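In: give me the fold of what follows.
(one chain, ligands or ions: 1)
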Amino acid sequence: MKILNYGSMNIDRVYSVAHTVRPGETILSHGMNLYCGGKGLNQSIAIAKAGGEVYHAGVLGEDGGALLEVLKRHGVNTSHIKHVAGASSHTVIQVDEEGQNCIIVCAGENVRVTDADIDAVLAGFAAGDIIVMQNELDNTPSIMRKAAARGMVVAFNPSPINEALATYPLDCVSWFILNELEGEAITGENEPGAILSAIANKYPKASVVLTLGAEGAYCRHQGHTFFQPAFKVKPVDTTAAGDTFTGYLISGLSHGQPLPTVLERAAKASSITVSRKGAADSIPTPEEL
Ligand code: RIB
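Out: Numbering: from 1, shown residues only. Below you'll find the model as predicted:
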């Protein structure tokens, strides 16, 4: 079973701050680091590190050399990445002294994915292969529809949330992987049990993984509900923690591991990511778990 991640690749500009900036306020940063990131890229690297066979599809701008290199270095197949003129997406990330972050994504030329691009990529995949998507590319509904029509297993992490989400063909999704805010955006509910029930009622064939940060994660799959507590660590930078969870989850599912094992490994891996700075580089290997 192959895994295709049709996903974003961003250059992360990460600013260390005492607290995240408030409306009308100007603050000083203790320093800035550049990292390879993007929810798509982070998730591909997490899948590869966890032992999954992953192909990353997407677009890179002229400044995307480091993004391509880091994917290759971690064993991600990059043959479906298209190169275009112009700048790649970048982010402005504030990380405070508690390790919490705020992220602004500034879309570059590399969020544009055409229907012809999608058809060319999907031609290499078959029914039963998994496709992983986030919400940082501009033609996500089309990718979702076309992948489901091929019989691929669609795993969707609806992050970042936007108004367009309400128009997506979410009945194509087999696995929702989301946090409370994303769950609220999709269901209008704000309590974990209510979010899980609302998704189960609306999309009865889908499985749901609801991550709650330090409170752990719930998974509803084929009528059963699992709870996975978080591993307690001192947070340094929460960036890519959710992406790590998603990557380990998808890799574990692709290997047919039992769900409780998959959830435990995903939680352990994301707790290690939280204890380190950066995005893709902070994702642990299975040996580190
Ligand atoms: O999930 C973390 C990622 O979100 C960052 O790497 C940033 O690029 C944004 O896409």
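In: export the strand or helix carrying residue 120 as CSV, just CAs?
Out: Using DSSP states H and E, residue 120 sits within helix 115-122. Provided in CSV are the C-alpha atoms of helix 115-122 (Å, rounded to 0.1, in the frame of the first residue of the first chain):
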residue,chain,number,x,y,z
ASP,A,115,-6.6,19.7,-12.3
ALA,A,116,-4.1,18.6,-14.9
ASP,A,117,-1.4,18.3,-12.2
ILE,A,118,-3.7,16.3,-10.0
ASP,A,119,-4.6,13.9,-12.8
ALA,A,120,-1.0,13.3,-13.6
VAL,A,121,-0.1,12.6,-10.0
LEU,A,122,-3.0,10.4,-9.2
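In: other residues contacting it?
Out: Around helix 115-122, the neighbours that count as contacts under C-beta atoms under 8 Å, 6 or more residues apart in numbering are 4, 6, 57, 59, 80, 82, 139, 142-143, 146-147, 150, 152. C-beta: built from backbone N, CA, C; applies to glycine.
In: tell me the phi and psi of residue 180?
Out: phi -60, psi -40 (degrees, to the nearest 10).
In: how close does it sit to the ligand?
Out: Counting by C-beta to the nearest ligand atom, to the nearest Å, the separation of residue 180 from the ligand is 15 Å.
In: residue 106 now?
Out: Applying C-beta to the nearest ligand atom to residue 106 and the ligand gives a distance of 10 Å.
In: number of residues surrounding that residue?
Out: Using other C-beta atoms under 10 Å, the number of residues around residue 106 comes to 12.
In: OK, contacts around it?
Out: 89-92.
In: OK, contacts around the closest residue to the ligand within the stretch 51-200 of the chain?
Out: Taking C-beta to the nearest ligand atom, the ligand has its nearest neighbour within the stretch 51-200 of the chain at residue 91, 4.3 Å off. By C-beta under 8 Å, 6+ apart, the contact set of residue 91 is 10-13, 37-38, 103-106.
In: list the contacts for residue 285?
Out: residue 49.
In: what's it sitting at in phi/psi?
Out: According to degrees, to the nearest 10, residue 285 has phi -90, psi 160.
In: for beta bridges, what are the partners of residue 11?
Out: residue 36, residue 90 (DSSP bridges).
In: of the contacts of residue 106, which is the most crowded?
Out: residue 89 (25 neighbours).
In: roughly how far apart are that residue and residue 185?
Out: From residue 89 across to residue 185, the span is 21 Å (C-beta to C-beta, to the nearest Å).
In: residue 204 too?
Out: 20 Å.
In: who's more crowded, those two?
Out: Counted by other C-beta under 10 Å, residue 204 and residue 185 do not tie: residue 185 has more neighbours, with 17 against 9.
In: could you find the closest non-adjacent residue to the more buried one?
Out: residue 161 (4.2 Å; C-beta to C-beta, 6 or more residues apart in numbering).
In: assign the one you found to helix, strand or coil.
Out: Of the three states, residue 161 takes coil under DSSP: H, G, I helix; E, B strand; the rest coil.
In: which residues touch it?
Out: Per C-beta under 8 Å, 6+ apart, neighbours of residue 161: 135, 181-182, 185.
In: what do you get for residue 103?
Out: Contacts of residue 103 by C-beta under 8 Å, 6+ apart are 91-93, 160, 239.
In: how about 10 Å then?
Out: 10, 12, 14, 37, 39, 91-95, 159-160, 239, 279 (C-beta atoms under 10 Å, 6 or more residues apart in numbering).
In: surely it forms part of a strand?
Out: Yes: under three-state DSSP, residue 103 falls within a strand.
In: quick check: beta-bridge partners of it?
Out: Applying DSSP bridges, one finds that residue 103 bridges with residue 93.
In: now the top helix by length along the chain: buried residues?
Out: With secondary structure taken from DSSP state H, the chain has its longest helix at helix 259-274. For helix 259-274, a neighbour-count test (16 or more other C-beta atoms under 10 Å) marks 259, 262-274 as buried.
In: now those residues in JSON lines, with distance to the ligand?
Out: Shown next, in JSON lines, are the buried residues of helix 259-274 (distance: C-beta to the nearest ligand atom, whole Å):
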{"residue": "259", "distance to the ligand": "23"}
{"residue": "262", "distance to the ligand": "20"}
{"residue": "263", "distance to the ligand": "19"}
{"residue": "264", "distance to the ligand": "21"}
{"residue": "265", "distance to the ligand": "19"}
{"residue": "266", "distance to the ligand": "15"}
{"residue": "267", "distance to the ligand": "16"}
{"residue": "268", "distance to the ligand": "18"}
{"residue": "269", "distance to the ligand": "14"}
{"residue": "270", "distance to the ligand": "11"}
{"residue": "271", "distance to the ligand": "16"}
{"residue": "272", "distance to the ligand": "15"}
{"residue": "273", "distance to the ligand": "10"}
{"residue": "274", "distance to the ligand": "12"}
